[in-house]
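Colleague: Sequence first, predicted coordinates after that:
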Amino acid sequence: QVQLVESGGGLVQAGASLRLSCAASGFIFSSSALGWFRQAPGKEREFVAAISWSGSSASYPDSVKGRFTISRDDAKNTVYLQMNSLKPEDTAVYYCAARHSAYGRSWYEYTYWGQGTQVTVSS
């Protein structure tokens, strides 16, 4: 069955870096677009990053552009999110997601989801 398993979350101070990983199985990873979303308590799920199936294009919202980088390793069926210059407002549960099409910026466009990993940034 389809599985997406996130790892790499934790508690860090503002200004630090973290790299999240998401290991996928059970679907054709190499032809899937991938995304990262986050959800803070009491807030809606928010788009963080997406990468095309080829890895040739990526998209970010203004809130993380220049600080976060999404990448993929098709040989390992893994997608990464490198997060630099973390801020307290980045605190949330981070989810990876996949879909068999061009990447999207809305959570409802994605078919497969991981369980999430907590990222907490202290001030």
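Modeller: Now that the structure is in, tell me what you want to look at.
Colleague: Report the rounded mean pLDDT for stretch 25-37.
Modeller: Looking at stretch 25-37 alone, the average pLDDT works out to 95.
Colleague: Please, where are all the helices along this structure?
Modeller: When assigned using DSSP state H, the chain turns out to have no helices.
Colleague: At the geometric centre of it, which residue sits there?
Modeller: Ranked by distance to the mean C-alpha position of the chain (Cα atoms, centre = their mean), the top residue is W36 at 2.4 Å.
Colleague: In contact with it, which residues are there?
Modeller: Contacts of W36 were listed using Cβ atoms under 8 Å, 6 or more residues apart in numbering, and they are 20, 22, 48-50, 70, 79, 81, 94-97. C-beta: built from backbone N, CA, C; applies to glycine.
Colleague: out of those, who's nearest Q118?
Modeller: The shortest distance between Q118 and any of the contacts of W36, using Cβ to Cβ, involves Y94 and amounts to 7.8 Å.
Colleague: and the closest residue in space to W107 that isn't next to it in sequence, how far is that from I28?
Modeller: The shortest distance from W107 to any residue that is not its chain neighbour, by Cβ to Cβ, 6 or more residues apart in numbering, is 4.6 Å, and that residue is R45. As defined by Cβ to Cβ, to the nearest Å, R45 lies at a distance of 25 Å from I28.
Colleague: Likewise for D74?
Modeller: When distance is defined by Cβ to Cβ, D74 is 10 Å away from I28.
Colleague: Give me the more crowded residue out of those two.
Modeller: Taking other Cβ atoms under 10 Å, D74 and I28 do not tie; D74 has more neighbours (15 against 11).
Colleague: wait, what's in contact with the more buried one?
Modeller: By Cβ under 8 Å, 6+ apart, the neighbours of D74 are 29-30, 55.
Colleague: For it, give its distance to G10.
Modeller: 26 Å.
Colleague: So which residues of this structure form strands?
Modeller: Per DSSP state E, the chain carries strands over the ranges 3-7, 10-13, 18-25, 33-39, 46-51, 58-59, 68-73, 78-83, 92-99, 112-113, 117-122.
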